[in-house]
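*Asks:* coords below, sequence missing:
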């Protein structure tokens with residue numbers, strides 16, 4: 001069965017020099033076979049990328065109680081950035097464990113640029129849940145329009 005939903009995560013990371021930076025992504029996840037979803041959307045990771053078209057994977061592993069994200073996008077300088085993060089579900093702290101996750105930002109060769117934490121804002125829970133419904137996917141369409149506009153701008157080099 002093919003599923004889809006829209007998710008937003010925000011947070012902060014500290015680079016290797018100790019400076020703090022904001023980080024966020026808005027993605028549409030499509031898939032669901034064997035717990036694997038394709039991600040498409042937008043990422044913001046200052047100072048590397050103001051707003052960039054992003055793609056990647058989300059893997060849900062119920063037996064391991066993990067949700068793993070790998071998101072790739074280009075920096076404003078045209079270099080690949082990889083964001084990887086993992087939620088670990090805990091029965092002792094279900095809300096916290098499914099809304100907070102450690103994150104690592106790496107360059108295209110795997111060198112760590114920054115580490116930190118991202119969170120899901122519970123004020124966005126209703127739109128998140130609605131995005132799972134098999135009706136007109138307005139949130140997904142809006143995000144896809146924004147992602148395409150950003151991708152076109154990046155191709156033009158603006």
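*Replies:* Arrived safely. The structure presented is a predicted model; accordingly, all values stated were derived computationally and were not measured.

*Asks:* what's the pLDDT at residue 135?
*Replies:* Looking at residue 135, its pLDDT stands at 56.

*Asks:* neighbours of residue 5, how many?
*Replies:* Per other C-beta atoms under 10 Å, the neighbour tally for residue 5 reads 21. Every C-beta, even on glycine, is put in place using the N, C-alpha and C of the backbone.

*Asks:* thought it was touching residue 29?
*Replies:* Yes. Using C-beta atoms under 8 Å, residue 5 is in contact with residue 29, at 5.5 Å.

*Asks:* Provide the secondary structure category for the residue most central in space within the chain.
*Replies:* Taking C-alpha atoms, centre = their mean, the centroid of the chain lies closest to residue 25, which sits 4.4 Å from it. Of the three states, residue 25 takes strand under DSSP: H, G, I helix; E, B strand; the rest coil.

*Asks:* just the pLDDT at residue 151, thanks.
*Replies:* pLDDT, read off for residue 151, is 79.

*Asks:* can you count the residues close to it?
*Replies:* 15.

*Asks:* try the one 4 residues further on
*Replies:* Counted with other C-beta under 10 Å, the neighbours of residue 155 add up to 9.

*Asks:* on the three-state scheme, it is what?
*Replies:* helix.

*Asks:* bridged to the residue nearest to residue 32 when sequence neighbours are not counted, which residues?
*Replies:* Ranked by C-beta to C-beta, 6 or more residues apart in numbering and with sequence neighbours excluded, the top spatial neighbour of residue 32 is residue 3, at 3.8 Å. Going by DSSP bridges, residue 3 is paired in beta bridges with residue 31.

*Asks:* show me where pLDDT drops low in the chain?
*Replies:* 1, 134-140, 156-158 (pLDDT under 70).

*Asks:* in it, which spans are helices?
*Replies:* 94-99, 125-130, 138-156 (DSSP state H).

*Asks:* now those in JSON lines, with distance to residue 117?
*Replies:* Formatted as JSON lines, the helices of the chain follow (distance: least, C-beta to C-beta, whole Å):
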{"stretch": "helix 94-99", "distance to residue 117": "11"}
{"stretch": "helix 125-130", "distance to residue 117": "19"}
{"stretch": "helix 138-156", "distance to residue 117": "23"}
